[in-house]
Each structure stands twice: as structure tokens, then as C-alpha cells.
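Asker: 3D model of this:
(2 chains)
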Amino acid sequence: MMEFLDQLSLFLQSTVQMGTPILFGTLGGILNEKVGHTNLGVEGMMLVGACTGFMMGVNTGNPVLAVLTAGLAGALCALIYAFITVTFMGNHTVTGLVLTIFGTGLSSFLGNMKTEVINIIGTLESKPYTQVQLPASVSEPLSDFSVPYLSEIPVLGNMFFTQSIYVYISIIFAVVLAIYMKRTRFGLNMRMIGENPAAADASGINITAYKYIHILIGGFLCGMGGAYLSLVTVDQWKENLTAGIGWIAVALVIFATWDPIKAIFGAYFFGAMQALGPKLQNATIPVVGHINSQFLDMIPYIMTIVVLIFITLRKKKEYQAPAALGSPYFREDR
Amino acid sequence: MKRFLSLLLVVLMAFTLCLAGCGESNDDNADTGNEGNLTKEDIKAAFLYVGPIGDLGYSYAHDQGRLALEAMGITTHYVENVPESSDCEATLRQLCDEVYNVIYATSFGHGEWVEKVAKDYPDVYFGHATGYITGDNVGNYMGRVYEARYLAGIVAGLNSESGKVGYVAAMPIAEVIRGINAFTLGLRSVNPDATVEVIWTNTWFDVTLERNAALELINKGCDVIAQHCDSTAPQVAAGEKGVLAIGYNSSTPTAAPDAYLTAPLFHWDVYYKQNIEAIINGTWKGESYWEGLSAGMVSLDTLTDNCAEGTAEAVAEAEEAIKSGELKIFAGELKDNTGAVRVEAGAEMTDAELQSFDWLVEGVIGSIN
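Answerer: Predicted coordinates for the structure are as follows:
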């Protein structure tokens, strides 16, 4: 029994760890969609963030700079997206897809550049970033740390109190975002743009500025989410490190019905499914028997479809997608 | 003026047609000139990699082979991240249409496209790693890396205290299964009660998944982690948790200095060099090349100081026995992990059986699918 509880505790801990990058991506996606922009570029922005954050970490050895660089790089990618979709009113879907393809290419290009590192013998050696390990001065402050006493709580202690500071930042972001969206005037304006940009425009809201700011902050969060993988999870940069997490985030925006608080639970649910994969491979479950891992990989997506069907059937206003989602806003249109 | 312009256009068109015609006839001449044996200068070898070469893994190992050809003075070219889909066919055709006359496709999934394209380009020599196709201009090649894995199993057995070894495996295909089985047999040759627990990642390259699989195995009490996947993530995870690790494909002691024991390695240059020489000498044949420790095609990396005393001696002894043919890895009696006898005492598995391995030997915790 004790062993089962230990395993459960470790499982819950890795659930949160797997969910954190997804949560960042989802929050970024929510910010985009709430101002009416479908951004399929999450994966690309995460990859660029993961790569540039890692490079900055290797070169400066400063974790704060590394994380900020990752965010700014994500925001810079989002700027391209915003420029095309807001200023030029380009197609959201195509631009987002292009951003993902561009981000994938850019990150592998940057990551294959050479850097000077000190090898075991103590001499300088030129190596591509893909073969370099993150310096301890960056990985240590970002690694898991146990909150005294609280982390001793059975089962749940590890989940909530033995985590990287990055995990707490993601939760703070989600809560702040929820308060911003529901309790502030700016948040109200932003939601209005997503629902009815013409009305928002008529009431004197600067639509372009709002869209730019939210898309850029969304990009910042996506970049940070990518850097969680390279700075906290694996301490390395490898091509295509995110391996589809950005796409999960896009699905999760719908799963969470555009609500940052629900996104936290959604991200941990998706994270749990991922963490469950290796756990259940060699286990036999009563009644069901052996579950194969591909089936588990499938569950989050089935759940997304179910949620989508459910919210469409229920027709409850607050669960619906922003009404103007995906359509560019022309002021002259009637 | 208008009439002059149209006249000019007609003349231009006729001129370009002429040029195009000339171009074609030039090409024909070049083609006929290419027949017969290729000289060292004529050979233009192109390599298709399934992943990036910066991964220090499978594609990196092949690229070391390519660099060995460059050192011989052969012109080479490589394409990274070639997916195992119809994109591969497009890449192959493009390379053939350009100047390349020797093509090495390095992933199993490239095979069906190689087979298809090779028929259309009889003048191009094709090599397909890990595959089974042979033809007039197609050969396949592979290292018996399971021999090195058997040795790695011995290393694991002599360094594991708990007798529980974890194995992060990519896909349940014959090549990977063969490796797991050889590793397990090596492990149990020095520690008969030891077990190997396998977790599949179902992908060739996903750093996060590979790391998580390794952590999961460590949580379950495994104190040596072996791998058949591309990244160093399992080794790094082992280093963080204070257990030992065995790499794969390339020597990576720097990734996890305190964990790294050794790694089964490929030396693809052995094949590439002799294959290119066969083309130059005119002795090239579309055949299956499958060599192991004795040909130098595979080896076990130099053991690090993390290994317990006596490991090197045990490995050297087994290596000699395999090279001399005295020790046959897949010789009976072998049971599968449900307890059924699969290979009778005295019998030995054939190469064909090894290439379609679909069961796990006794001592492996895990299942295929």
C-alpha cells in the first residue's frame, strides 16, 4: 500500500510537470482567440522559445535572461502573425500554420549553430547547441525544489510543493489572466473585440492596439512554455523538442472553453494522460486487462471532441467560442 | 513597331527551342559517357537521414560514415529529416535527377520508396540500411548490433545491484526486439535472476517522452537504464537520479558523466568504404550485408570508470567468444517471457528468424503491442 501511495504521488507530480508547458501554450492560445484570432502557430512559437531560451541560458548562464529571451522570441514570432492578420487582415489559419512551419525551421537552424563550450579536458570546443548541456547555473534555480513541511504531505505533497518555480509561475499567470478577463475593464473590452469587433470599435476601443498587445503577450507565454521543456524538463535543445505539445494546446483552448482556470485542470488532465502512457504499459488493470499506450495517447483528443459536441449542444453563451473568431475585421464592412 | 515586336518574339522563341534541343542532346552524351565503372572522382554519394545529425544518435552515426568517405576523397551530400513517407520518394527522385549516382537511404521506412525509385534509375547504386530489399542496383546493409548489446547486457548485469534493469525502447519492430533479447541474454548470463523492464515510446525521436520513460523505470526500482532510442535523455535522467545508464549509437560520456557505463556502437564507415570500393572495382552486387563484431561493423564503447571491477575482463572474454563463433547468442534452449520454449536445445535461430523476431525472451518484463 505504501508503495502504491509513493507511486501515486510521483505520478501526480509528473502530471503537473507534463501539463505545465501545455498550460503555457493554452493560455497563449486563449489570449489570441479571445481577441478573435485563431492562432495555429503555438507549436512554432514554443519551439522558437525553447531554442532561443536555451541558447541564452548556455551563453549567459542566467536563468532569468534565458526565460525572458524565450518569451520575447515567442512574442517576436507573434508579431509576424499579428502584422499579417491584424494589419493586413490575412487569413488566420494559413498564417498560423505558416508560423508553425517557420518556427520549426528557424529553431532547428538556430539550434544547429555552433557555440564554444568547455569540454571535459578543460579546453574550448566548438559544438552545435544540440550537443550542449545546459549549465548548472541555469538548471539548478529552475529545478524542482521542496517547500519545507508542505512537501511532506502524503500523496499531494509532491504534486503541489516539489516543483520548479516555473510551475508556480504558470499557475499565477493563469489566475491573473482569469481575473483580468473577468474582473477588469480592459478584459471586458478584450472579450468584446472577440465577440463583436464592430460594436467595440463604435464604442471607441482601439481594436488594433488591443489585438496586437494580446497576440504579443500570447506569443510571450507560448515562448515561455517552450522554454520549460528545454530549461526545466530535459536541459537540452533538440530539434522538434515540443513534439506536438503546441497542437495539444490548440485543442485544449476549446477543451477549457476559453477559461484560464479550466485550462489549468485541462492541462493537467492532458498531462496525466501523457504521464499514464509509460505507467500502464506493463500493468494489468482489473476487468480491462492490458491497455496499449496508443489508446491512451488518443484519449485527450476524444475528450476534446466530446467537449466540443457538448458545448455546441448546450448552447450556453459563456461556453461558446468568441463569435468573431477567425474572421478578420474590416472597419468598412457592414 | 508591333510587327517588329512580334517578329522579335518569334525569333526569340525559335532560339530558345533550339537551345532546349541542344541541351537535351548534350545530356544524352553525358549519360552515355557515364556507363561502365565509376571512378573515384565520378562518384557522388548522397545520404538520406531520418532525423537531424545533431542528435548524437542514429543519424549522427551514419554521418560519421559519410565523413569517412569524404576523407577518402569522395564527393558526398546529405539530406536530414527525410520522413518515411512519399516525401522520401520525391527526395530520392530529386537526388537521382541531380548528379548523385550512389544513394544510401538510412532508415527502415525509406525502403519501399527506394524499391520504387531504383527501378526508374538503373544507373544509380542504392543502399538501404536496416532493410531487406535486394535488386540489380539495390543492396541492403546492417550491423549485428545485437552482438554489442549482448556485451552491454553483461555490463548491466555486473553493475546492477537490484537486478532490475530498465530499457527505453522506440518501436516494437524486429530490430529493437532482437536488441532487447540479446541484451537480456547477456544480462542473465552473469546474473540469472535479473530482469529487464521495457517501456516503448512508440516514436524514434521525442526527448521528453524518452526522459519520462526512463524516470518511470527508475521509480520502479531499476538501477541501470539501457536504451534503444535516439536522444541522451534517458542517460541524463539516470544521472540526475543517481543510477547508471547505457547509451546507444554514439559515445556520449559527457551527457551524464556519473551515469554512463558504455554504449553499443555502429561503425557504418566499415560498410560504406567497402561498398564504394566495390563500385570502383566493378565488384558491386545487390546483396544483403549483415556483419557484426568480427568485421568491426559494431562494437561496445570503451568502458568508463563507473563500471565495477571485473567488468572489462568479462566483456573481453565474451567478445572473443562471439568473434570466434564459440558463443552463439540466439542458440537454444530459449524460452519466451510467457515460459514457452521457442528454440529447442541445440538449435540456433537463422538470420531470417532474427529478421522477423516477434517475441521477447524469458526475463523481459513487457509485451509487444
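Asker: Where does the prediction get shaky in chain A?
Answerer: A:1, A:119-122, A:293, A:333-334 (pLDDT under 70).
Asker: Can you name the residue of it nearest to chain B?
Answerer: Here chain A gets closest to chain B at one residue, residue A:130, 3.4 Å apart by C-beta to the nearest C-beta. For the C-beta atoms, the positions are set from N, CA and C on the backbone; glycine is no exception.
Asker: Show the contacting residues for that residue.
Answerer: A:111, A:112, A:236, A:237, A:238, A:239, B:52, B:54, B:55, B:56 (C-beta atoms under 8 Å, 6 or more residues apart in numbering or on different chains).
Asker: which one of these is nearest residue B:292?
Answerer: Ranked by distance to residue B:292 (C-beta to C-beta), the contacts of residue A:130 are led by residue B:56 at 22.6 Å.
Asker: if I pick the closest one, what's in contact with it?
Answerer: A:130, A:131, B:231, B:232, B:249, B:250, B:252, B:255 are the contacts of residue B:56 under C-beta under 8 Å, 6+ apart.
Asker: ditto for residue A:101
Answerer: Applying C-beta under 8 Å, 6+ apart, the residues near residue A:101 are residue A:44.
Asker: Show me the strands in the stretch 101-250 of chain B, by range?
Answerer: With DSSP state E, counting those that start in this stretch, the ranges of strands along the stretch 101-250 of chain B come out as B:102-105, B:125-129, B:138-143, B:164-169, B:195-200, B:224-228, B:244-246.
Asker: how about those in a markdown table, adding distance to residue A:225?
Answerer: Below are these laid out as a markdown table (distance: least, C-beta to C-beta, whole Å):
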| stretch | distance to residue A:225 |
| --- | --- |
| strand B:102-105 | 36 |
| strand B:125-129 | 36 |
| strand B:138-143 | 40 |
| strand B:164-169 | 25 |
| strand B:195-200 | 26 |
| strand B:224-228 | 27 |
| strand B:244-246 | 28 |
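Asker: so which of those strands gets nearest chain A?
Answerer: Closest approach to chain A among these (C-beta to the nearest C-beta): strand B:195-200, 4.7 Å.
Asker: who touches the one helix or strand residue A:272 maps to?
Answerer: Counting by DSSP states H and E, the element that carries residue A:272 is helix A:260-280. By C-beta under 8 Å, 6+ apart, the surrounding residues in contact with helix A:260-280 are A:11, A:14-20, A:22-23, A:26-27, A:30, A:171, A:174-175, A:177-178, A:181, A:248, A:252-253, A:255-256, A:291, A:293, A:296-297, A:299-300, A:303, B:199, B:201, B:209, B:212-213, B:216.
Asker: That one to strand B:164-169, inter-axis angle?
Answerer: Orientation of helix A:260-280 against strand B:164-169 (axes from the mean of the first three to the mean of the last three C-alpha atoms, to 10 degrees) gives an angle of 120 degrees.
Asker: Report the buried residues of helix A:260-280.
Answerer: Residues of helix A:260-280 classed as buried by neighbour count (16 or more other C-beta atoms under 10 Å in any protein chain shown): A:260-264, A:266-280.
Asker: Kindly report the same for stretch B:162-175.
Answerer: Within stretch B:162-175, the residues scored as buried using 16+ other C-beta under 10 Å are B:163, B:164, B:165, B:166, B:167, B:168, B:169, B:170, B:172, B:174, B:175.
Asker: same thing with stretch A:161-170?
Answerer: For stretch A:161-170, by 16+ other C-beta under 10 Å, it's A:161, A:162, A:163, A:164, A:166, A:167, A:170.
Asker: Is it possible to mark the buried ones in the contacts of helix A:260-280?
Answerer: A:11, A:14-20, A:22-23, A:26-27, A:30, A:171, A:174, A:177-178, A:181, A:248, A:252-253, A:255-256, A:291, A:293, A:296, A:300, A:303, B:199, B:201, B:209, B:212-213, B:216.
Asker: Looking at chain B, which residue is nearest chain A?
Answerer: For chain B, C-beta to the nearest C-beta, closest residue to chain A: residue B:54, 3.4 Å.
Asker: quick one, helices of the chain?
Answerer: Since no chain was named, I'll use chain A. A:2-34, A:42-60, A:63-82, A:92-111, A:136-142, A:156-161, A:165-183, A:185-195, A:197-202, A:207-227, A:245-255, A:260-280, A:293-314 (DSSP state H).
Asker: let's do chain B instead
Answerer: Along chain B, the stretches classed as helices by DSSP H are B:2-33, B:58-72, B:86-97, B:111-120, B:145-159, B:174-190, B:207-219, B:233-240, B:268-281, B:311-324, B:351-355.
Asker: circling back to that earlier point, which non-adjacent residue is nearest the residue of chain A closest to chain B?
Answerer: residue B:54 (3.4 Å; C-beta to C-beta, 6 or more residues apart in numbering or on different chains).
Asker: For the helices of chain B, give me a markdown table that also has mean pLDDT and distance to residue B:127.
Answerer: Listed next are these as a markdown table, based on pLDDT from 0 to 100; distance: least, C-beta to C-beta, whole Å:
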| stretch | mean pLDDT | distance to residue B:127 |
| --- | --- | --- |
| helix B:2-33 | 55 | 22 |
| helix B:58-72 | 91 | 11 |
| helix B:86-97 | 91 | 12 |
| helix B:111-120 | 91 | 9 |
| helix B:145-159 | 95 | 17 |
| helix B:174-190 | 94 | 17 |
| helix B:207-219 | 91 | 28 |
| helix B:233-240 | 92 | 30 |
| helix B:268-281 | 92 | 6 |
| helix B:311-324 | 93 | 25 |
| helix B:351-355 | 87 | 17 |
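Asker: Of all these, which one comes closest to residue A:318?
Answerer: Comparing the helices of chain B by C-beta to C-beta, helix B:207-219 comes nearest, at 34.0 Å.
Asker: Check the contacts of residue A:130 against residue A:156 and report the nearest one.
Answerer: residue A:236 (30.2 Å).
Asker: out of the strands of the stretch 101-250 of chain B, which comes closest to residue B:41?
Answerer: strand B:102-105 (13.0 Å).
Asker: Okay, buried residues for the closest one please.
Answerer: So, applying 16+ other C-beta under 10 Å, buried residues of strand B:102-105: B:102, B:103, B:104, B:105.
Asker: Can you list the low-confidence ranges for the stretch 251-369 of chain B?
Answerer: For the stretch 251-369 of chain B, the stretches with pLDDT under 70 are B:369.
Asker: Near chain B, which residues of chain A? Just list them.
Answerer: Taking C-beta under 8 Å from any C-beta of the partner chain as the criterion, chain A approaches chain B at residues A:7, A:10, A:14, A:18, A:108, A:111-112, A:119-120, A:128-131, A:133, A:229, A:233-236, A:238-241, A:243, A:274-275, A:277-279, A:281-282, A:290, A:292-294, A:297.
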